[in-house]
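1. Need a 3D model of the sequence below.
(one chain, ligands or ions: 4)
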Amino acid sequence: MPDSKQDALDMLRELTELTLLDEGDPQSFRVRAYENATHAIASQANDLGRLSLASLKKIHGIGKSTAEKLRELFETGTVQKLEALRQKYPPGVVLLLRLQGVGPKAARRLQSELGVQSLDDLRRAIDEQRLRTLKGFGEKSEQRLRDAIARLEREGSLTRTSIAIALPLAQRIVAELGAVRGVTFAAACGSLRRFSETVGDVDIVVAATDPAPVMETVVALGMVERVLARGESKTSVVTRRGLQVDVRVVAPNQLGAALIYFTGSKSHCVKLRQRALARGYTLNEYALTSVASGAVIASETEEQVYRALGLPFIPPVLREDWGELEAAEQGRLPRALEPLSGDFHVHTDLSGDGRSSLEEMVATARARGYGVLALTDHAEGTLSGVGRDALLEQRTRIGALQREVGESIRLLHGVELNIGPAGELDYDAGFRASFDFCIASIHSHFELHRAAQTRRVITAMQDPSVRMLGHLTARIIGRRPPVELDAAAVFDAARDTRTAIELNGALPRLDPPLELLRAAQEHGVTFLLTSDAHHTKELALVDNAARYAHRAHLSPENVANSWPVERLLSWLAST
Ligand code: DGT
Ligand code: CA
Ligand code: CA
Ligand code: ZN
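-> Ligands and ions are numbered 1, 2, ... in the order given. Below you'll find the predicted structure:
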């Protein structure tokens with residue numbers, strides 16, 4: 001069954017990016033209309049393709065022109081407007097946006113004034129000292145861009161795909177393969193199962209006695225553009241977005257060994273094999289086998305294989321050879337952070353980009369078993385933002401709702417403040433102080449230099465109203481690089497001002513990045529895991545934050561919303 005919702009989301013995401021490039025302004029009407037439509041579609045059922053133009057237009061957040069584009073997509077498989085933008089801005093130009101310090105305006109000028117159509121063109125322009133001939137660019141900008149290109153290459157992010165794109169795609173494929181006759185199990189393995197924020201390709205493992213119908217289904221998948229290799233039990237395809245997917249079928253009684261092998265990482269598996277050899281076994285993708293007798297020791301489940309190696313089950317997010325085998329042996333594996341006792345970054349439909357009402361958000365939070373919920377709509381500084389009067393009205397509604405639900409959940413009235421270029425915040429100190437919980441986040445001026453960026457963030461944290469720093473680096477994985485910061489200085493200031501560091505679970509963000517999370521923990525900061533939900537369905541995104549935190553080896557001791565509610569509440573009262 002074709003998944004019209006995912007096609008719509010893909011189309012809107014690309015349209016947003018190309019329109020941003022075309023108009024040079026993240027706050028432009030059209031860019032925001034597409035972003036709003038993306039949020040709106042995300043909360044719809046999968047069979048959007050069946051909706052008429054009139055029904056599409058009725059969806060809150062979808063305007064006439066977007067509704068027409070959706071119908072065009074469903075009926076013809078393409079959208080004229082998008083095709084035109086693709087012509088105007090080839091992938092190489094879109095790629096320029098990933099460079100630190102290059103916004104849409106600069107990318108367009110590089111294209112129109114220097115004829116730059118790719119990273120290679122840009123590199124050549126720099127080498128030939130042509131960049132400095134552009135007004136507003138100089139020798140310094142040449143050096144900065146040279147560094148930025150080198151950084152992208154080092155990170156491998158030119159050839160890798162964001163988890164925000166790969167995970168939904170893998171879930172679609174897994175669902176389709178899981179429904180094939182004879183299939184007893186299907187799951188994504190590889191770096192995706194380890195919850196890496198970018199993946200080189202997607203690896204899917206399927207258990208079935210007969211691989212043939214699975215292989216047939218793979219090559220016929222709607223998103224497949226070309227088949228790279230087709231074998232009896234392994235097929236590799238490339239999707240229309242250029243992502244490679246490897247699908248392997250294994251025998252059900254060898255599933256455990258296969259899952260371990262194809263989940264990796266390679267170096268985790270190398271360590272496991274060494275461990276096996278030391279015990280007189282060999283380990284491969286089929287089984288753990290005794291060298292002496294040739295008998296299979298374990299193969300059916302991962303647990304059995306780990307147990308036979310004298311280890312507890314090691315969660316996939318930890319399988320990186322970052323010390324997890326030693327930790328497992330000593331019984332001190334990093335613990336999972338769930339269940340969580342509350343969420344601290346939640347928007348309602350009061351925000352321009354919010355979709356669910358206050359009451360709906362609270363009801364869903366209660367259903368998730370939360371003891372605390374901070375409602376944090378956008379402050380007035382962004383176009384999605386909310387003015388004072390509306391916030392005061394919301395406060396009254398929250399008060400009434402609190403009386404209604406009693407003590408089962410503690411509702412906090414919060415707001416997500418924007419950090420200005422010099423660390424200034426929305427409203428005035430008195431109004432900010434009237435909130436239970438203020439977040440401060442960067443939503444603009446991503447390109448400031450390191451010292452100014454650091455100063456700006458620290459200034460914001462020093463404001464007495466600010467309790468949490470939202471999505472620290474403002475990165476969008478694979479699209480916008482993290483802002484440059486002196487992370488150590490920021491974390492020291494967070495600790496000293498008792499400002500929590502958010503770990504934002506929205507998949508395009510997962511912010512702060514792993515390395516910074518680990519560094520922050522060294523500096524003794526306290527974390528809060530959040531969903532940044534704009535719809536009731538998105539409250540579950542906090543689970544992404546929890547997985548990523550686990551992967552970063554964050555100790556529950558440092559994650560305040562992994563604590564019991566009473567402890568969380570007394571921490572909130574004391575900071
Ligand atoms: P990626 O795709 O670059 O994000 O990273 P992975 O970890 O998904 O790597 P990938 O796709 O090359 O392979 C998936 C898993 O399969 C990997 O984690 C371990 C296993 N594997 C693949 N090729 C080899 C190999 O040549 N030797 C070993 N030991 N394991 C391999
Ligand atoms: Ca892979
Ligand atoms: Ca692979
Ligand atoms: Zn937010």
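2. Mind giving me the packing neighbours of the host helix or strand of Val214?
-> Using DSSP states H and E, Val214 sits within helix 212-219. With contacts taken as 3 or more C-beta pairs under 8 Å, 6 or more residues apart in numbering; DSSP states H and E, helix 212-219 sits against helix 163-178, strand 224-230, strand 234-239, strand 244-250. The way it works is simple: take the backbone N, C-alpha and C, and place the C-beta from them, glycine included.
3. so how far is the first one off the chain centroid?
-> The reference is to helix 163-178. 15 Å (C-alpha atoms, centre = their mean, to the nearest Å).
4. that older thread, with just CA atoms, put the helix holding Val214 into PDB.
-> The C-alpha trace of helix 212-219 is given here as PDB (Å, rounded to 0.1, in the frame of the first residue of the first chain):
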ATOM      1  CA  ALA A 212      11.900 -15.600  -2.200                       C
ATOM      2  CA  PRO A 213       8.600 -13.700  -1.500                       C
ATOM      3  CA  VAL A 214      10.600 -11.200   0.700                       C
ATOM      4  CA  MET A 215      13.100 -10.400  -2.000                       C
ATOM      5  CA  GLU A 216      10.200 -10.000  -4.500                       C
ATOM      6  CA  THR A 217       8.500  -7.500  -2.200                       C
ATOM      7  CA  VAL A 218      11.700  -5.500  -1.700                       C
ATOM      8  CA  VAL A 219      12.300  -4.800  -5.400                       C
END
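5. What does the residue in the stretch 101-250 of the chain positioned nearest to ligand 2 show for phi and psi?
-> Proximity of the stretch 101-250 of the chain to ligand 2 (C-beta to the ion) peaks at Gly190, 3.2 Å away. Main-chain torsions, Gly190, degrees, to the nearest 10: phi 60, psi -160.
6. I'd like the distance between it and Gly200.
-> As judged by C-beta to C-beta, to the nearest Å, Gly190 and Gly200 stand 8 Å apart.
7. ok, residues contacting stretch 461-472?
-> Contacts with stretch 461-472, where a contact means C-beta atoms under 8 Å, 6 or more residues apart in numbering, come from 344-345, 416-417, 423, 425, 429, 432-433, 435, 437-442, 457, 460, 485, 490, 493-494, 497, 499-502, 504, 509, 511-512, 516, 528, 532, 572, 575.
8. 6 Å instead?
-> With contact meaning C-beta atoms under 6 Å, 6 or more residues apart in numbering, stretch 461-472 is reached by 425, 432-433, 437-441, 493, 497, 499-502, 504, 509, 511-512, 528.
9. quick one, the helix holding Val214 and strand 224-230 angle?
-> Helix 212-219 and strand 224-230 meet at an angle of 140 degrees, taking axes from the mean of the first three to the mean of the last three C-alpha atoms, to 10 degrees as the criterion.
10. Please identify the deepest-packed of the helices and strands packed on helix 212-219.
-> strand 244-250 (a mean of 22; mean count of other C-beta atoms under 10 Å).
11. counting contacts, what elements does the helix of greatest length in the chain pack onto?
-> For the chain, the longest helix by residue count, based on DSSP state H, is helix 4-23. The contact analysis (3 or more C-beta pairs under 6 Å, 6 or more residues apart in numbering; DSSP states H and E) places helix 4-23 against helix 29-42, helix 64-76.
12. try 8 Å this time
-> helix 29-42, helix 64-76, helix 80-88, helix 91-96, helix 104-114, helix 163-178.
13. Around the spatially closest residue to Asp436 that is not a sequence neighbour, how many other residues sit close by?
-> Using C-beta to C-beta, 6 or more residues apart in numbering and skipping residues adjacent in sequence, the residue nearest Asp436 is Leu412, 3.9 Å away. For Leu412, the count of nearby residues is 19 (other C-beta atoms under 10 Å).
14. mean confidence for the helix or strand Leu412 falls within?
-> Applying DSSP H and E as the criterion places Leu412 in strand 410-418. What strand 410-418 shows for mean pLDDT is 98.
15. Let me know the next secondary structure element after that strand.
-> helix 429-433.
16. Let me see the residues that make contact with that following helix.
-> Arg388, Val415, Leu417, Leu425, Asp426, Cys438, Asp463, Pro464, Ser465.
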